[in-house]
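Q: what follows is a predicted protein model with its sequence.
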Amino acid sequence: MLLLSACTGLRPVVDGSHLYTGNSIKIDSAKTLSHKAAVNSELEDLIKLKPNRKLLWMRPLLCLHNLIKEPKNEKGFWHWMKYRLGEPPSIFEKLNPEQISLAIDNRLQNRGYFLAKTSFEVDSGKKTASVKFSVILGKPYKLNSILYPNDTSGIGGEISQLRSSSLLKEGNTYNLSDFENERIRIDSVLKEKGYYYFNPEYLLFTADTTTMSGKVNVRLKLKNEMPKEAFRSFPLDEVYIFDDYSLIDYQPDTMTIDGYKYVSQYHMFKPPVILNSVLLEKDKLYSRNDHYGTIRNLMGIGVYKFAIARFVLNDSLKEKMKANIILTPYKKISLSTEINGAVKNTGFAGPGLKLSYRNRNLLGGAELLTVSLGGNFETQLKGDTKGQTSYQVTLDGSLTLPKFEPFKFARKGSKILFPRTIISAGFGLYSRVNLYDLRSFSTSLGYSWKTSEKVSHLFRPIDISYTNLGKTTIEFEEYLQKNPTVRKSFEEQFVLGGSYTFIYNDLNREKKRAGFFISETIDVSGNLAYGVANITSSLPSGESHSFLGVPFSQFVRIRNEEKYFYTVTKTSVVGARLIIGAGLPYGNSSIMPYNKQYFIGGPSSLRAFLARSVGPGSYHIPDSVNDVAIDQAGDITIESNLEYRFDIIRNFKGAIFTDAGNIWLAREDLQRIGGKFDFNKFYSQLAVGAGAGLRLDFTFIILRLDAAVPLRKPWLPDGERWVINKFNPGNSSWRKENLVFNIAIGYPF
């Protein structure tokens, strides 16, 4: 008790000073205040001094700072402990209430409350002090008249034409940010009309409040000191492309290609590949959209480290500009090695190795070739299957072309951004020792592109995969004999199909409180092969057609994923995710192939359940075959996640979450009773879990530890599935059966 009472942190506060404990801002007539939450947040931000954080009556981080002696060095562990983990005392005397009161008045005047007046009152004790600000608001001023330049030609005429779409409306409350945004809007339009040297600061708004009480008359004009170049729009004279610029000993050649001056020393890239990304054109008015679009396209090729555009007035033709696009390429070839270790919540642990080769310009057309060889080894450290091992070896390669080949989907100047042709192939060997070997091969031809900053597409007209169940053990064979549908999903078969994915991503928008992400994928396989096989051969009813002697799969599979994030405060956010997917085998198939089925549970799914251990439906694998460790798979999935994320201290962040979902079968399986999807009762078969987590966020890498417990177990009898009332963390048997820890890199969604 003595130690706890001493954690207030007040002991080092010297006489004559006070520990700052906080503030309050009270606004009279706040009901008349528009955007109240935003205003309160803005006013709170004016007070830079923050009180030391408390836990009940204690200030543990301040106490930690006080307990550590002043380090001799400004770097090192003890300096980090004292000043980074610990908190220096927030001394009230460092606060300037008079200056803050004036700043509050200024912010409210910017929102039209010209008569706002702020006073303050200090509440001080023996060693602590707080401050209370009181604001008399007054009525806001309204916009009465808005006048734009009445010119009919030149830049004044261009601005005058923008009056009809102005952000400033008569009758609106005066708001300084509206004037700033209007200047930016006008500048953006002018930039598309060649006014390269114009600047928003050259626009001057004057406001007159003397003619009518509570009214503001506004006039827009150009500043007198505006430079002469800003009055004119400029077309481009020549566009120079420096495709391999270097600061050291740069001696390039210059060629004229399609109206461009192409400058290169080593001629590493085929000029058409680079020029296809350039939107700026000779004799065309300067456009900021074309300017930024050119840089964006060139960086999107993937071979350049830097891309900048510089515009200068032509020495001989002062009415035109010269554009210099300066490009600095990456090194052509790179090699990398990645060594990792994994500890899974399933009890498996082991090392991994990945070797990668990258060639950014394989054939001179900015083609990207990547080849990677990887492998990992895992062993079971605990449980009934302790000592069981598995290993995986993969060899993957892809060739990415910065254009559409062999089919042409778009022309230069269209809204297609970052066109890519992706050719890939891969081989994998997965072995669960003492159970089975699984071999796979895949290849695909795909096209990716964007139609805007937020919308992207991936189309794979050719997507082929082959899986083959190799050596199996007696134990595993016995399990497959009892579960013929599982056996059929493992059998060797071809997937001959294609897929299309649509993505809308609005999560990275700055200054937005909410963000949204949606991904829609449809995967179709076997239709063409089935049609050809039906024409060329006939089979008895119930038998499957084959391709190269191997049965091929026929199915349609869809997957929808939506994510939504809402910023609650500057240090906290609520995130939600919903996944709905379904696969339907038909024609040549009675079950979905194993690598196209859905799984649920694990660090990025239902965190209160082991990976791939839930479902399908209310089915639960019997304890007698649990040591076979078969992943539970299904044709249909529904998963939802809700997470509240918040800052704890600096790089440490926390989260509270709940997850719900399950998988189901599209058809009845007598060996997995309760696994078939039923619209009338699927909701009663949802697994639910909740928990909390810690994150160590270094921006470039995020380490995550989550602890979760089941709240609802769908395999239990009806009426007993909710297990909240059995919560007993003090019991070791309960913890062993229910408490699940997840260690992972990155956020779960």
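A: Cool, got the structure. Numbers count the residues shown, from 1 in each chain.

Q: all contacts plus neighbour counts: C-alpha atoms, from now on.
A: OK.

Q: surely residue 177 is in a helix?
A: Yes. Under DSSP: H, G, I helix; E, B strand; the rest coil, residue 177 falls within a helix.

Q: how about it, what does it touch?
A: Residue 177 sits next to residue 110 when contact means Cα atoms under 8 Å, 6 or more residues apart in numbering.

Q: do you know how far it is from residue 41?
A: 16 Å (Cα to Cα, to the nearest Å).

Q: got it, and residue 515?
A: Residue 515 is 20 Å from residue 41, by Cα to Cα.

Q: shaky segments in this structure?
A: 1-9, 11-12, 30-32, 343-347, 380-387, 409-415, 489-492, 509-511, 538-542, 623-630 (pLDDT under 70).

Q: now do the buried residues in the strand ranked longest in it.
A: Longest strand in the chain, counting residues (DSSP state E): strand 455-472. By neighbour count on 16 or more other Cα atoms under 10 Å, the buried set for strand 455-472 is 456-460, 463-469, 472.

Q: first vs last residue of stretch 527-547, how far apart are they?
A: End-to-end distance of stretch 527-547 (Cα to Cα): 13 Å.

Q: ah, wrong one, I meant stretch 431-438
A: 6 Å.

Q: show me what the longest strand of the chain is packed up against.
A: strand 436-450, helix 484-490, strand 493-505 (3 or more Cα pairs under 8 Å, 6 or more residues apart in numbering; DSSP states H and E).

Q: and the angle for that strand with strand 436-450?
A: Between the axes of strand 455-472 and strand 436-450, defined by axes from the mean of the first three to the mean of the last three Cα atoms, to 10 degrees, the angle is 170 degrees.

Q: residue 515 and residue 41: which has the busier surroundings?
A: Legend: neighbour count by other Cα atoms under 10 Å for residue 515 and residue 41, higher for residue 515 (17 against 12).

Q: surely residue 137 is in contact with residue 115?
A: Yes. The criterion here is Cα atoms under 8 Å, and residue 137 meets it with residue 115 at 6.8 Å.

Q: which one's more surrounded, those two?
A: The residue with more neighbours, out of residue 137 and residue 115, is residue 137; 21 against 15, by other Cα under 10 Å.

Q: next up, the contacts around the residue nearest in space to the middle of the chain.
A: With distances taken as Cα atoms, centre = their mean, residue 507 lies nearest the centre of the chain, 6.0 Å away. Residue 507 makes contact with 514, 515, 516, 517, 565, according to Cα under 8 Å, 6+ apart.

Q: out of the residues you listed, which is most surrounded?
A: Ranked by neighbour count (other Cα under 10 Å), the contacts of residue 507 have residue 565 at the top, with 20 neighbours.

Q: what's the helix or strand encompassing that one in contact with?
A: Using DSSP states H and E, the element containing residue 565 is strand 555-569. Applying Cα under 8 Å, 6+ apart, the contact partners of strand 555-569 are 507, 513-526, 573-587, 589, 592, 749.

Q: export stretch 610-627 to PDB, keeping only CA atoms.
A: Output in PDB follows, covering the C-alpha atoms of stretch 610-627 (Å, rounded to 0.1, in the frame of the first residue of the first chain):
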ATOM      1  CA  LEU A 610      -6.600 -23.000 -33.900                       C
ATOM      2  CA  ALA A 611      -5.900 -22.600 -37.600                       C
ATOM      3  CA  ARG A 612      -8.200 -24.600 -39.900                       C
ATOM      4  CA  SER A 613      -9.800 -26.300 -36.900                       C
ATOM      5  CA  VAL A 614     -13.400 -25.000 -37.100                       C
ATOM      6  CA  GLY A 615     -16.300 -26.600 -39.000                       C
ATOM      7  CA  PRO A 616     -17.700 -27.400 -41.300                       C
ATOM      8  CA  GLY A 617     -21.000 -26.300 -39.600                       C
ATOM      9  CA  SER A 618     -21.500 -28.100 -36.300                       C
ATOM     10  CA  TYR A 619     -19.200 -30.900 -37.200                       C
ATOM     11  CA  HIS A 620     -16.200 -31.500 -35.000                       C
ATOM     12  CA  ILE A 621     -13.500 -34.100 -35.800                       C
ATOM     13  CA  PRO A 622     -13.600 -37.000 -33.300                       C
ATOM     14  CA  ASP A 623     -10.900 -37.200 -30.700                       C
ATOM     15  CA  SER A 624     -10.100 -40.700 -32.000                       C
ATOM     16  CA  VAL A 625      -8.700 -39.300 -35.300                       C
ATOM     17  CA  ASN A 626      -7.600 -35.900 -34.000                       C
ATOM     18  CA  ASP A 627      -4.000 -37.000 -34.100                       C
END
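
Q: would you mark the buried spots in it?
A: Buried-residue list, stretch 610-627, by 16+ other Cα under 10 Å: 610, 611, 612, 613, 614, 615, 616, 617, 618, 619, 620, 621.

Q: out of those residues, list just those in helices.
A: In helices, judged by DSSP state H, none of the buried residues of stretch 610-627 are found.

Q: how close does residue 401 sit to residue 516?
A: 30 Å.

Q: that older thread, now the contacts of strand 555-569: which count as buried?
A: Here, 16+ other Cα under 10 Å leaves 507, 514-526, 573-585, 589, 592 buried among those.

Q: among those, name the ones in strands.
A: Applying DSSP E to the buried ones among the contacts of strand 555-569, the entries found in strands are 514-525, 573-585.

Q: show me which residues of stretch 247-258 are buried.
A: By 16+ other Cα under 10 Å, the buried positions in stretch 247-258 come out as residue 252.

Q: show me what that stretch is in contact with.
A: For stretch 247-258, the external contacting residues (Cα under 8 Å, 6+ apart) are 261, 262, 263, 264, 265, 266.

Q: straight-line length of it, end to end?
A: The stretch stretch 247-258 measures 27 Å between its terminal residues, going by Cα to Cα.

Q: stretch 268-280 too?
A: 22 Å.

Q: repeat for stretch 209-227
A: Taking Cα to Cα, the first and last residues of stretch 209-227 lie 30 Å apart.

Q: what are the contacting residues of it?
A: With Cα under 8 Å, 6+ apart, stretch 209-227 has contacts from 139-149, 174, 202-208.

Q: just the buried residues of the residues you listed.
A: For those, a neighbour count by 16+ other Cα under 10 Å gives the buried set as 140-146, 148-149, 174, 202-203, 205, 207.

Q: mind putting these into a markdown table with distance to residue 706 and secondary structure?
A: Shown next, in a markdown table, are the buried ones among the contacts of stretch 209-227 (distance: Cα to Cα, whole Å; DSSP: H, G, I helix; E, B strand; the rest coil):
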| residue | distance to residue 706 | secondary structure |
| --- | --- | --- |
| 140 | 49 | coil |
| 141 | 52 | coil |
| 142 | 52 | strand |
| 143 | 53 | strand |
| 144 | 57 | strand |
| 145 | 58 | strand |
| 146 | 57 | strand |
| 148 | 59 | coil |
| 149 | 61 | coil |
| 174 | 48 | coil |
| 202 | 54 | helix |
| 203 | 53 | strand |
| 205 | 54 | strand |
| 207 | 56 | strand |
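
Q: looking at the residues you listed, spot the one nearest residue 662.
A: residue 174 (53.3 Å; Cα to Cα).

Q: distance of the residue nearest to the centre of the chain from residue 453?
A: According to Cα to Cα, residue 507 and residue 453 sit 11 Å apart.

Q: what do you get for residue 709?
A: 40 Å.
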